[in-house]
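Participant: can't give you the sequence, but here's the structure:
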């Protein structure tokens, strides 16, 4: 899965964490499964979603593609991005996605 976003010329970004929400579960009692260690989010190219892009300089209005993969045996599938916050030192954080709703 991947997501395109645009950033300001002066923005810097870092992918801090990926939170995982499990849906459509079967009641088997109390179970707590944390897949966050199995999920990896990174900048990539649409034509090569499995290779992480590093050190790329972006111009104003450039699209950034964020890819998400699981680092396991395919037991996790990402269906949607629930929240995406872009942060930059000295600038107010911007919620590109909040509660699954895009904020262009």
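Facilitator: That came through fine. The structure presented is a predicted model; accordingly, all values stated were derived computationally and were not measured.
Participant: rest of the way, CA atoms for contacts and neighbours
Facilitator: Noted.
Participant: those strands in this structure, which residues are they?
Facilitator: Ranges of strands within the chain are 2-6, 39-44, 63-70, 84-88, 91-98, 101-102, based on DSSP state E.
Participant: In a markdown table, list these along with mean pLDDT, mean neighbour count and distance to residue 51.
Facilitator: Output for these, formatted as a markdown table (pLDDT from 0 to 100; neighbours: other Cα atoms under 10 Å; distance: least, Cα to Cα, whole Å):
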| stretch | mean pLDDT | mean neighbour count | distance to residue 51 |
| --- | --- | --- | --- |
| strand 2-6 | 57 | 15 | 12 |
| strand 39-44 | 86 | 18 | 6 |
| strand 63-70 | 84 | 18 | 9 |
| strand 84-88 | 79 | 16 | 21 |
| strand 91-98 | 85 | 13 | 24 |
| strand 101-102 | 84 | 13 | 26 |
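Participant: out of the ones you listed, nearest to residue 54?
Facilitator: strand 39-44 (7.4 Å; Cα to Cα).
Participant: can you redo the strands of the chain as a markdown table with distance to residue 50?
Facilitator: Shown next, in a markdown table, are the strands of the chain (distance: least, Cα to Cα, whole Å):
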| stretch | distance to residue 50 |
| --- | --- |
| strand 2-6 | 10 |
| strand 39-44 | 7 |
| strand 63-70 | 8 |
| strand 84-88 | 20 |
| strand 91-98 | 23 |
| strand 101-102 | 25 |
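Participant: Out of those strands, the one nearest residue 55 is which?
Facilitator: Across the strands of the chain, closest to residue 55 is strand 39-44 (Cα to Cα), at 10.1 Å.
Participant: In the sheet, which strands lie alongside the closest one, parallel or antiparallel?
Facilitator: Strands that pair with strand 39-44, judged by DSSP bridges, come out as strand 63-70 (antiparallel).
Participant: which residue sits closest to residue 72 in space, ignoring its chain neighbours?
Facilitator: Excluding the flanking residues, the one nearest residue 72 by Cα to Cα, 6 or more residues apart in numbering is residue 38, at 5.9 Å.
Participant: Appreciated, that's everything.
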